[in-house]
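Engineer: Here is the input, now give the coordinates:
(2 chains)
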Amino acid sequence: MLGVFKSLATAVAAAVRRPVTVQYPTQKKELPHRSRGFPLLLWDAEHDEPFCTGCQVCARYCPTNCMTVTMKDNPQYAEGKSPRKKIVDRFFIDYARCMRCNICVEVCNFDAIVMDNTWRSVEMSRYDRQDLVMDLEALLYASKTGYLKDPFRIPMGMAHSGWMPKEERAKVGAASPEGG
Amino acid sequence: MAIEHELETIDLHINVGPQHPATHGVFRMILTVDGEKVVDCDPVIGYMHRGAEKLSENCDYRQAIGYQDRTEYLAQFNAEWTYCLAVEKLMGLQVPERAEYIRVILGELNRVASHLMFMGAFGTDVGFFGTPFMYAFREREVIQDFFEAITGERMMYNYFRPGGVAWDVPPDFVEQCRYVVNHVRRGVEELDALMTDNEVFMARCRGLSPVTPEQAINWGFSGPMLRACGLKHDLRRAEPYSIYDRFDFEIPTGTQGDVYDRYLVRMEEMKQALRIVEQALEQMPPHGPIMAEGLKRTIRVPPGEVYARTESPRGEYGVYLVSKGGDKPWRLKIRSAAFSNLSALKNLVVGNYVADAIIILGSIDIVLCEVDR
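Structural biologist: Numbering: from 1, shown residues only, chains lettered A, B, ... in the order given. Below you'll find the predicted structure:
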């Protein structure tokens, strides 16, 4: 009998404690800075164009082949307004296929793609699967409007992907990352 | 004059699953019952087969890690770890000290999270209904939040890489981890108080489907199922991989190998895992590299074959990897502990009551993704 009373006492002690749950749709827990939602593209406000050059390295390294990227000559480069020779023409990510593995972010040579760490990509339910295929405009939207304030960039440690922060990269010069 | 008439009976087939809450996933078991006694059990698996092995063979070595998470969705770090160990063995990579400690801490916390899930689900099987489930999930939530703060995902972490871990832990890692350990330890004690000494719980679990050590070895048991029979076999001790030879921990064993012993072994294992985490936090170097040097963007593995195994919460989780050079494995075979433990289900269940069959199935702690791959 003693064991049953011990169980009861435990349950009663827990009943008077503060609840750990939150009232989700109205109250939202703060997401950690590293939270990985779906991939988004970043907007280069300085040159008024996306960082992405359409080099397709993310599409090649994607385990689920959820990306389609094409490249074009950059018209701004011809006018001398931008340092990028090539620029992304079309970019599709099928969020229904994406498994949020972060590999595209790690392999990107231009820091052009990040994982969304806002609630926007957590609540990504749609009535139709077609609506989950995002085009360039949809991918750039969060960065362009400033909704995506502080995306998480992978710090040091990705020695094998050739990624390093911009300041670090400036220090070692224009050494291009190994790989292929 | 009364006519002596013997009542004719036939055995009844009961179909449990594949959509049944007590089967913990999409598992089907066809029970043949004589009254309340089970006389035959026919387990049917394969509903969750996604071909994870074949998918991994079509990916390069880094891409395949994402699929390892999905084979073992309760102990993802352990699955990633085994895969990375196999690749590292074949490549002869030296994992930096700090990365090893991070792996041990996360792996052990994952073990706790997995056993908490077992406690909750098992409590529901036994008839506790929601209470242990909610208690266990409250603690598991703390661990998951901690993992989310480090890796960014709540379930499919994709954090371990061949040669180390993908990125460094946050600066407040040690304090956060200590908080989690203390919090979870209290929660585990609470679960202990709720269930272990409860007479009703004991009455249902004690002496149910005892297994002798010889039987356990013959049936290919591993993990808590094996240790509940009294065999002190733990790969962390028997064949220390990573840095497990540096920690002081005990291997809990049972005596009879019954359902109650399996529960007790898991309960004690959680406490030991938290002990390992605390030791690792003390020994962990505060700075240092987290990735082996000299790795290129595409990992190429020399030809050869290797078998790496680790002690996952359910037992021996192994990865057999054959490489013929290049950036993709030629063959990847996953040895799943849950599958081996589950294959003895018929031997365990036959002769018991139908209601006990559910408890026995629960005590095996199956993860259907791991069974079917």
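Engineer: thought residue A:129 was touching residue A:96?
Structural biologist: Yes. Under the criterion of C-beta atoms under 8 Å, residue A:129 makes contact with residue A:96 at 5.2 Å. C-betas here are computed from N, CA, C, even on glycine.
Engineer: helix, strand or coil for residue B:29?
Structural biologist: strand (DSSP: H, G, I helix; E, B strand; the rest coil).
Engineer: Could you do residue A:92 as well?
Structural biologist: Put simply, residue A:92 is strand when judged by three-state DSSP.
Engineer: follow-up on the earlier one: please say which of residue A:129 and residue A:96 ends up with more neighbours.
Structural biologist: residue A:96 (14 against 11; other C-beta atoms under 10 Å in any protein chain shown).
Engineer: tell me, which helix in the chain spans the most residues?
Structural biologist: Unless you meant another one, I'm taking chain A. Determined from DSSP state H, the single longest helix within chain A is helix A:2-15.
Engineer: right idea, wrong chain: chain B
Structural biologist: Max-length helix for chain B by DSSP H is helix B:97-126.
Engineer: What score does residue 113 have for pLDDT?
Structural biologist: Reading this off chain A. pLDDT, residue A:113: 87.
Engineer: actually chain B
Structural biologist: Predicted confidence (pLDDT) at residue B:113: the value is 92.
Engineer: on that earlier part again, mind listing residues that contact the helix or strand just after the longest helix of chain A?
Structural biologist: Sequence order places strand A:39-41 as the next helix or strand after helix A:2-15, per DSSP states H and E. The contact list for strand A:39-41 (C-beta atoms under 8 Å, 6 or more residues apart in numbering or on different chains) reads A:50-52, A:58, A:88, A:91, A:93, A:98, A:100, A:104-105, A:112-116, A:121, A:136, A:139-140, A:142-143, A:148, A:151.
Engineer: can you map out the helices along chain A?
Structural biologist: Taking DSSP H, the helices of chain A run over residues A:2-15, A:57-61, A:75-78, A:103-107, A:136-144, A:166-172.
Engineer: Chain B: which of the ones you listed is closest?
Structural biologist: Closest to chain B of those is helix A:2-15 (C-beta to the nearest C-beta; 3.6 Å).
Engineer: ok so, going back, of the contacts of strand A:39-41, list those near chain B.
Structural biologist: A:100, A:115 (C-beta under 8 Å from any C-beta of the partner chain).
Engineer: Show me which positions of whichever strand or helix holds residue B:133 end up buried.
Structural biologist: For residue B:133, the host element (DSSP H and E) is helix B:130-151. For helix B:130-151, the neighbour count (16 or more other C-beta atoms under 10 Å in any protein chain shown) marks B:131-133, B:135-144, B:146-151 as buried.
Engineer: what do you get for stretch B:298-307?
Structural biologist: By 16+ other C-beta under 10 Å, the buried positions in stretch B:298-307 come out as B:298, B:299, B:301, B:306.
Engineer: got it, and stretch A:130-148?
Structural biologist: Under 16+ other C-beta under 10 Å, the buried positions of stretch A:130-148 are A:132, A:133, A:134, A:136, A:138, A:139, A:140, A:141, A:142, A:143, A:144, A:148.
Engineer: what's the answer for stretch B:9-29, then?
Structural biologist: Buried residues in stretch B:9-29, counting neighbours by 16+ other C-beta under 10 Å, are found at B:16, B:17, B:18, B:22, B:23, B:24, B:25, B:26, B:27, B:28, B:29.
Engineer: Next: stretch B:281-301.
Structural biologist: Counting neighbours by 16+ other C-beta under 10 Å, one finds that the buried residues in stretch B:281-301 are B:281, B:284, B:289, B:290, B:291, B:292, B:295, B:297, B:298, B:299, B:301.
Engineer: Most widely separated two among these?
Structural biologist: B:281 and B:298 (34.7 Å; C-beta to C-beta).
Engineer: if we can go back for a sec, and the longest helix of chain B, how far out from the chain middle?
Structural biologist: 8 Å (C-alpha atoms, centre = their mean, to the nearest Å).
Engineer: What of stretch B:254-268?
Structural biologist: Put simply, stretch B:254-268 sits 15 Å off its chain's centre (C-alpha atoms, centre = their mean).
Engineer: can you check stretch B:228-238 too?
Structural biologist: For stretch B:228-238, the separation from the chain centroid amounts to 15 Å (computed by C-alpha atoms, centre = their mean).
Engineer: And for stretch B:169-186?
Structural biologist: 22 Å.
Engineer: and the closest residue to residue B:223 other than its chain neighbours, bridged to which residues?
Structural biologist: Excluding the flanking residues, the one nearest residue B:223 by C-beta to C-beta, 6 or more residues apart in numbering or on different chains is residue B:315, at 2.6 Å. Residue B:315 has these beta-bridge partners by DSSP bridges: residue B:312.
Engineer: So for the closest residue to residue B:71 other than its chain neighbours, what's the pLDDT?
Structural biologist: Distances taken as C-beta to C-beta, 6+ apart place residue B:52 nearest to residue B:71, at 4.7 Å, with adjacent residues excluded. Listed pLDDT for residue B:52 reads 87.
Engineer: Please apply the same query to residue B:219.
Structural biologist: 90.
Engineer: After the helix or strand that residue B:361 is a member of, which helix or strand is next?
Structural biologist: Here residue B:361, judged by DSSP H and E, is contained in helix B:354-364. Per DSSP H and E, helix B:354-364 leads on to helix B:368-372 as the next helix or strand towards the C-terminus.
Engineer: is chain A contacted by that following helix?
Structural biologist: No. Using C-beta under 8 Å from any C-beta, helix B:368-372 never reaches chain A; the gap is at least 14.3 Å.
Engineer: Pull that helix out as PDB, backbone CA atoms only.
Structural biologist: In PDB, the C-alpha atoms belonging to helix B:368-372 read as follows (Å, rounded to 0.1, in the frame of the first residue of the first chain):
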ATOM      1  CA  LEU B 368       9.500   0.900 -35.800                       C
ATOM      2  CA  CYS B 369      11.600   3.200 -38.000                       C
ATOM      3  CA  GLU B 370      14.700   1.300 -36.700                       C
ATOM      4  CA  VAL B 371      13.100  -2.100 -37.100                       C
ATOM      5  CA  ASP B 372      12.000  -1.500 -40.700                       C
END
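Engineer: Could you give the number of residues near residue B:57?
Structural biologist: 15.
Engineer: phi, psi of the residue nearest to residue B:71?
Structural biologist: phi -60, psi -30 (degrees, to the nearest 10).
Engineer: picking that back up, tabulate the buried residues of stretch B:298-307 (JSON lines), appending secondary structure and distance to residue A:71.
Structural biologist: Output for the buried residues of stretch B:298-307, formatted as JSON lines (DSSP: H, G, I helix; E, B strand; the rest coil; distance: C-beta to C-beta, whole Å):
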{"residue": "B:298", "secondary structure": "coil", "distance to residue A:71": "21"}
{"residue": "B:299", "secondary structure": "coil", "distance to residue A:71": "27"}
{"residue": "B:301", "secondary structure": "coil", "distance to residue A:71": "31"}
{"residue": "B:306", "secondary structure": "strand", "distance to residue A:71": "40"}
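Engineer: Nearest to chain A among those residues?
Structural biologist: residue B:298 (6.0 Å).
Engineer: which ones are touching the closest residue in space to the closest one that isn't next to it in sequence?
Structural biologist: Closest residue to residue B:298 apart from its sequence neighbours, by C-beta to C-beta, 6+ apart: residue B:327 at 5.1 Å. Contacts for residue B:327 (C-beta under 8 Å, 6+ apart) come out as B:60, B:61, B:298, B:299, B:300, B:301.
Engineer: Done for today, thanks.
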